[in-house]
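Participant: Take this sequence and fold it.
(chains A, B and C)
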Amino acid sequence: MGIGFSLLLIMALLLAVFFGAGVLGWHLLFGVVIPYAAATIFLFGIIYRVVKWGRAPIPFRIPTTCGQQKSLPWIKPSRIDNPSSAAGVIGRLALEVLLFRSLFRNTKAELRDGPRLAYHWEKWLWLGGLLFHWSFLTIFLRHLRFFTEPVPSFVSFIEGVDGFLRVGVQALYITDILILVAVTYLFWRRVVIPQVRYISLPADYFPLFLILSLAFSGVLMRYFFRVDVSAVKELTMGLVTFHPRIPEGIGVIFYIHLFFVSVLFVYFPYSKMMHLAGIFLSPTRNLANNSRACRHINPWNYPVKVHTYEEYEEEFRGKMREAGIPLEKECG
Amino acid sequence: MAFVPKPDELARIGHKPPRTGWMDTPVDFRRGTWCYAAKPKNLQALELPNPREWSPERADWKLPANWQEIILEGLRERLQRFRSLQIFMDICVRCGACADKCHYFIGSGDPKNMPVLRAELLRSVYRKNFTTAGKILGKMVGARDLSEDVLKEWFYYFFQCSECRRCSVFCPYGIDTAEITMIARELLNLVGCNIDWVAAPVANCFRTGNHLGLQPHAIKDMIEFAVEDIEKITGVKVEPTFNRKGAEILFVTPSGDLFADPGTYTLMGYLMLFHELGLDYTWSTYASDGGNFGLFTSHEMMKRLNAKIYAEARRLGVKWILGGECGHMWRVINQYMDTLNGPADFLEEPVSPITGTRFEHARTTKMVHITEFTADLIEQNKLNLAPERNEHCRVTFHDSCNPSRSMGLLEEPRYILKKVCRHFYEMPENTIREQTFCCGSGGGLNADENMEMRLRGGLPRANAVRYVHEKHGVNTLACICAIDRAALPPLMDYWVPGVEVSGVHELVGNALVMKGEKKRTSDLRGRPLPDPHTAFGGAIEE
Amino acid sequence: MYNARSILSGLGVFLVLITFPFWYNVGKSAAAPEPKLDTPAIQQLSRKQCVGSTPYMRANHMQLLEEWRTLAVREGKRVYEAADGKKYEISLEKTCLKCHGNKAQFCDQCHNSLSVKPDCWNCHVAPEGR
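Facilitator: Predicted structure coming up:
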C-alpha cells in the first residue's frame, strides 16, 4: 500500500509540474513562487519544530552508556561512548552525526536449530546510510555554484574532487552515482527485509521516492537532456538576490528538478526528516553520564507523597522494640 | 505457573511478520505471555487512580468512561514535560536497526516486540492527536485513533518490554524504548491498568520500605540467619547493626538478597566483607530496599519510593551510602536519585575508610556501588583472597542491563571476579557489556504467569551462556542484580541445565580469607570445597 | 525554553549556514554573463550562423565538441554536416576558434560564472585574448 500510494503521489507531482511548467508555461509559479514559498516553509518550519522541542525540559539525565564509566582512577573510562564531560559529549555527537557511530554497531541476529543464536556482521545499512547522507551533502554543496557569484573556492574544490572521473570529456560526479545507488539500496532493503517492510509507512517510501526522483531528474539534466546552465544560473541568482527573473529557454526538466526540491523543502519540517535536528537534541546521546558527580535539576520536580520514617515506626514500633531495633520514640 | 512448552518447541520461532498489517492485527492474550492485572488493594494503598478487579483476558476492561480523555490529557502533559518523549515520537525513520536487538523479539518473533513497532504503538496515537500531518493524513503517516484495542495492545506490549535499553544502543538517534515504555506505563496507570507484579511490590515497598513487604523484625531475622550460616562455614561471627545512628555508612541493597537463594549467598558475602574490614556501617529496616519498582510504574512513584534512602541517611546521620548489587536500583541511583530527592548536602563526599580513596564520581549523589568499593579494596591490596576456594566455579559474567547501559559499570565487577576466581570466561562480545541481553524478566515482568514470555525473552542470554558452558565448561553465571538472581536460575534450568547463578559478592565471600576463620570445608552454599590435591589446576588450600 | 543557549546557538549556526547564498551575494549585481560575439571574423560573416542554433549551442556545445573529438581523433572523419546541410571542418582551432577567437570574452564568461573548468586547453592552444 505504502509503495503504491507514494509512487502515485510522485507521479502526480511530476504531472503537475510537467503540465504546469512544460505545457502551460507557468514558469513564474514553478521557478519563483513555489521555490520561495518552499524555502520559507523550510526555514520557519525547522525553527518552529526545534523551538517546540526546546520548550520541553530534560527532566532527567538519561544518557545511554555504551562503555566504561569514569569511576576509579585506575579503570580506563570510555570517554566517547560513555562521556563524563562536555568534550566527550561533543565527540560522541560528532561521531554520531558524521560517521553514524551507533548504526555501525549493527548486527543481524539469526536463529538456527539448537536453538543457536548467531549475530552476523551487518554494516550495509550503515554503509548505505552513510553514502546517501554524505552524497546528499556533497551534491547540496556543489549546487552552490548556481547560488553564488563569484563561486567560492571551496565549492570548486568539492566539485573538482567529486568530479575527477570523466565520461568522454565530461566530469562524472561520483556522488551522482552513489546517491542513486544508496537510495535504491535503502528502498530495496525496505521492501526485501520482511520486518522492515512490515514497519514501513507511506511516509517512509515517499521521501525515498522523492529524493530518488530529485536525484534522477538532476542526473538526466546533467548527462542527457542538457539545459542552458547559464540561463539556469540567471534564474537561481535572481532568487537568492531577491531580483527574481525567468530567463527564456530553460528546459522543463529543470522545472521538474526545482519542483522536487521545493516539495522536499516543504515536506522536511513536518516529517521524520527532522532527525537532522533531532539527533542533536536526543537526551540519550547529548548528555554526559555524570549525574552522580554533578547534580541535574528537573525544573518541574514537585513534592510527592512519601511514607516517612515516623509513619513507618508508628506502624512497626512494637515489633521493632521486640527485635531490639533502635527507635526514635520508645513509647507510643 | 502457566503451562510452558518444551525448549525445542519453544525454540521454533518464526520471525516472519503476519500477513495483516500491524494496525489490523489485534493483540492475543495468550496465557503465559502476560502478567495479571494489578489488584485494587495495591493501587488503593498507593492512592493510584481507577483501582478495580479486572483481567486482560476479558473483553471488558472496566475502564473509566472518559478513559480516552484521561490518556490524551496525560500524553499532552508528558509531551510538555519530557523533551525525550517529543524527540522520540518525532524523529524515528523506521530504519529497523533496532528490530532484532530486542530479546523479546528474538525470542518470540512477534513483530510488535521490535522496538520500532513497540514505539509506533504510542506514536500512532501521538500523531493522530498531536500532529497536523497525522490529523489530516491519518494512516498514510502512521496515525490512528486511540481505541480500546489500541489500549489493550499498549498494555500487552509495554508490559512486554523490560526497559533494558539495548535497542537504544543501536539506534542512530538514540531513541530509547525504555523511556517510551516508562511513559506509556504512566499513561496506563492513569486508567488503572498496571500489572500486579509491579503494583504489589510497589505497595509493599511504600509501606515497609522493601518490595517483599518484609517487616523490620523479619529483616533482622533474615540477616541473622545469614550470620549463623557464616559462623557455621567460617567460624567467624559477624555482627551487623540495624538502624544505628552515627554509623559512617548506610548500606542499602535489594531486599531480594535477604529473602531467597541464591541472593542470600550474596548477602553473606556482603556481611563477611564488611566484618573483615571492620566497616562502621548500618543496615536500615526502613530504607530496606534500593530496588525501585516505581521506575516500572511512573516517575512520580519512583520518587516516592526512592525518597526513603536520603531520608534515612539524614536521620541516621551517616556520611555516605553504599549500595549493593542490583540492576534497576542503580539506574535510579545513577540517573535519577539526586535529581528526584537531592540535594544530599547533609552527606559527605564518599571516601573509603579503608583505602582513603575518594569516590569523586559520586560526589553529589554520595552513593557508591559495592563493586566500585570492593574493586578499590582489591586494587589497594586490602583483602586477603584465596581464589582457589572458587576452583569449582567456572565463571562467566552477565552484565545487568541497567548498570551497563545506564551507568557503564563494566570493569569493576570483572576486575573483582578475576581476582576471586581462577576460571573466568567472557560470553561472546555481542552479548556482553553495553550489548548485554536482559535476563528476560526485568522491568517488573518476573511473574510466574508470564513464564513463557520470560523464557523467550531470556533465550538470547541463555544462548550465550550455553556457548561458554559448552566451550569452557562454565558452570557459574555471576551477576550484580537481584532480579537476575531470581530470574536466571529458572532460565538456566530451562535452556542450559548445569549452570548456577551467583552474585559477585558471593564469590568474594568464598575467596575472602577472614581473620580467625576456621579451615573452610564448604563454600557459602554448603557445597564441599574441591580437594586441593585433585582439583583442577592443583590449587592448594592455605 | 530550556537549554536555550545551546539550542538557539545551534539553530543560529544552522540558519547562517543554510542562508549562505542569500547573504554571500548581498550587494553584488550578479548580472548574467554575456558572451561577446563581436569578433572581426563574425562581423565579416554575411549570415551569422554557428554550426547549430543558438539555444542548441548554449545547452549542448560540449556534447558537440565531444562528438567532434570522437569523429576526428578516433574515426578520422574531418567533415561535419550541420542540420542545415552546410559542411564544416571538424576542428576546434580551425572552425570554432576562427569565429570565437575571444576566449576571455566568450568562453570564459559563462565558464567562470558557473565554475566550469573545461579540459579543452590542456591540449589545445588557447587563442590569445583580444
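Participant: tell me the phi and psi of residue 71?
Facilitator: If you meant another chain, say so; for now it's chain A. In terms of degrees, to the nearest 10, the main-chain angles of A:Ser71 are phi -130, psi -100.
Participant: how about the strands in chain C?
Facilitator: If you assign secondary structure with DSSP state E, the strands in chain C sit at C:79-81, C:87-89.
Participant: For the first one, give me every contacting residue.
Facilitator: If you take Cβ atoms under 8 Å, 6 or more residues apart in numbering or on different chains as the criterion, strand C:79-81 is touched by C:Val51, C:Trp68, C:Leu71, C:Lys87, C:Tyr88, C:Glu89, C:Ile90. (C-beta placed from N, C-alpha, C; glycine too.)
Participant: cool, the last one as well?
Facilitator: Counting contacts by Cβ under 8 Å, 6+ apart, the residues outside strand C:87-89 that touch it are C:Val51, C:Arg78, C:Val79, C:Tyr80, C:Glu81, C:Ala82, C:Thr95.
Participant: ok so, going back, and of the strands of chain C, who's closest to A:Arg295?
Facilitator: For those, distance to A:Arg295 was read as Cβ to Cβ. The smallest value, 80.5 Å, belongs to strand C:79-81.
Participant: Tell me which residues of that closest one come out buried.
Facilitator: C:Tyr80 (16 or more other Cβ atoms under 10 Å in any protein chain shown).
Participant: Quick check: neighbours of that strand in the sheet, parallel or antiparallel?
Facilitator: Sheet pairing of strand C:79-81 (DSSP bridges) gives strand C:87-89 (antiparallel).
Participant: List the buried residues in the partner strand.
Facilitator: The neighbour-count criterion (16+ other Cβ under 10 Å) identifies C:Tyr88 as the buried residues of strand C:87-89.
Participant: What of stretch B:357-376?
Facilitator: Taking 16+ other Cβ under 10 Å as the criterion, stretch B:357-376 shows B:357, B:359, B:361-376 as buried.
Participant: Find the residue closest to B:Pro343 in space, skipping its chain neighbours.
Facilitator: A:Arg295 (5.8 Å; Cβ to Cβ, 6 or more residues apart in numbering or on different chains).
Participant: Pretty sure B:Leu340 is one of the things the one you found touches, is it not?
Facilitator: No: in this structure, A:Arg295 sits apart from B:Leu340 without contact. The criterion is Cβ atoms under 8 Å, and the distance is 11.1 Å.
Participant: Those two - which one has more neighbours?
Facilitator: Higher neighbour count among A:Arg295 and B:Leu340: B:Leu340, with 23 against 17, using other Cβ atoms under 10 Å in any protein chain shown.
Participant: May I have the residues that are in contact with the more buried one?
Facilitator: Counting by Cβ under 8 Å, 6+ apart, B:Leu340 touches A:Asn298, A:Asn301, B:His299, B:Met302, B:Lys303, B:Asn306, B:Ala307.
Participant: Near chain A, which residues of the stretch 351-500 of chain B are found?
Facilitator: For the stretch 351-500 of chain B, the residues in contact with chain A under the definition Cβ under 8 Å from any Cβ of the partner chain are B:357, B:359-365, B:367, B:372, B:375-376, B:379, B:404-412, B:415, B:428, B:430-431, B:433-435, B:459-460, B:463-464.
Participant: So which of those reach chain C?
Facilitator: Filtering these for proximity to chain C by Cβ under 8 Å from any Cβ leaves nothing.
Participant: Which ones among the residues you listed map onto strands?
Facilitator: B:Met367.
Participant: what does chain C put close to chain B?
Facilitator: Counting by Cβ under 8 Å from any Cβ, the residues of chain C near chain B are C:Tyr2.
Participant: At which residues are the helices of chain C located?
Facilitator: For chain C, the helices defined by DSSP state H occupy C:4-18, C:20-24, C:40-44, C:54-69, C:97-99, C:107-113, C:120-123.
Participant: Now render the contacts of strand C:87-89 as CSV, adding pLDDT.
Facilitator: As requested, those are exported to CSV (pLDDT from 0 to 100):
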residue, pLDDT
C:Val51, 92
C:Arg78, 92
C:Val79, 93
C:Tyr80, 93
C:Glu81, 91
C:Ala82, 89
C:Thr95, 91
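Participant: Serialize those to a markdown table and add fields for distance to B:Leu385.
Facilitator: Rendered in a markdown table, the data for the contacts of strand C:87-89 read as follows (distance: Cβ to Cβ, whole Å):
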| residue | distance to B:Leu385 |
| --- | --- |
| C:Val51 | 93 |
| C:Arg78 | 94 |
| C:Val79 | 96 |
| C:Tyr80 | 92 |
| C:Glu81 | 96 |
| C:Ala82 | 96 |
| C:Thr95 | 93 |
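Participant: which one of these is nearest chain B?
Facilitator: Checking the contacts of strand C:87-89 against chain B by Cβ to the nearest Cβ gives C:Val51 as the nearest, at 50.9 Å.
Participant: residues in contact with that closest one?
Facilitator: Contact criterion Cβ under 8 Å, 6+ apart gives C:Met57, C:Leu64, C:Tyr80, C:Ala82, C:Lys86, C:Tyr88, C:Thr95 as the residues in contact with C:Val51.
Participant: Please, which helix or strand holds B:Leu477?
Facilitator: Element membership of B:Leu477 [criterion: DSSP states H and E] is strand B:476-479.
Participant: Can I get the helix or strand that comes right after that strand in PDB? Just the C-alpha atoms.
Facilitator: Using DSSP H and E, the next helix or strand after strand B:476-479 towards the C-terminus is helix B:482-495. Taking Å, rounded to 0.1, in the frame of the first residue of the first chain, the C-alpha atoms of helix B:482-495 are listed here in PDB:
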ATOM      1  CA  ALA B 482      18.800  -9.300  42.500                       C
ATOM      2  CA  ILE B 483      16.200  -9.700  39.700                       C
ATOM      3  CA  ASP B 484      18.900 -11.700  37.800                       C
ATOM      4  CA  ARG B 485      19.400 -13.900  40.800                       C
ATOM      5  CA  ALA B 486      15.700 -14.600  40.900                       C
ATOM      6  CA  ALA B 487      15.100 -14.900  37.100                       C
ATOM      7  CA  LEU B 488      18.300 -16.500  35.800                       C
ATOM      8  CA  PRO B 489      18.100 -19.800  37.800                       C
ATOM      9  CA  PRO B 490      14.800 -21.000  36.100                       C
ATOM     10  CA  LEU B 491      16.100 -19.600  32.800                       C
ATOM     11  CA  MET B 492      19.300 -21.700  33.100                       C
ATOM     12  CA  ASP B 493      17.400 -24.800  34.200                       C
ATOM     13  CA  TYR B 494      15.300 -24.500  31.100                       C
ATOM     14  CA  TRP B 495      17.800 -23.600  28.500                       C
END
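Participant: Show me what helix B:482-495 is packed against.
Facilitator: When contacts are defined as 3 or more Cβ pairs under 8 Å, 6 or more residues apart in numbering or on different chains; DSSP states H and E, helix B:482-495 packs onto helix B:256-259, helix B:263-277, helix B:451-472, strand B:476-479, strand B:500-503.
Participant: Could you chop chain B up by domain?
Facilitator: By the record's domain assignment, chain B is partitioned as B:7-30+B:49-193, B:201-379, B:387-511 (automatic domain parsing).
Participant: Kindly reformat these as JSON lines containing mean pLDDT.
Facilitator: JSON lines is the format used below for these (pLDDT from 0 to 100):
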{"stretch": "domain B:7-30+B:49-193", "mean pLDDT": "96"}
{"stretch": "domain B:201-379", "mean pLDDT": "97"}
{"stretch": "domain B:387-511", "mean pLDDT": "97"}
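Participant: returning to that earlier point: so which of the contacts of C:Val51 would you say is closest to chain A?
Facilitator: Minimum separation from chain A among those (Cβ to the nearest Cβ) is found for C:Met57, which lies at 9.4 Å.
Participant: Looking at that closest one now. What's its pLDDT?
Facilitator: For C:Met57, the pLDDT comes out at 92.
Participant: can you count the residues close to it?
Facilitator: C:Met57: 13 surrounding residues under other Cβ under 10 Å.
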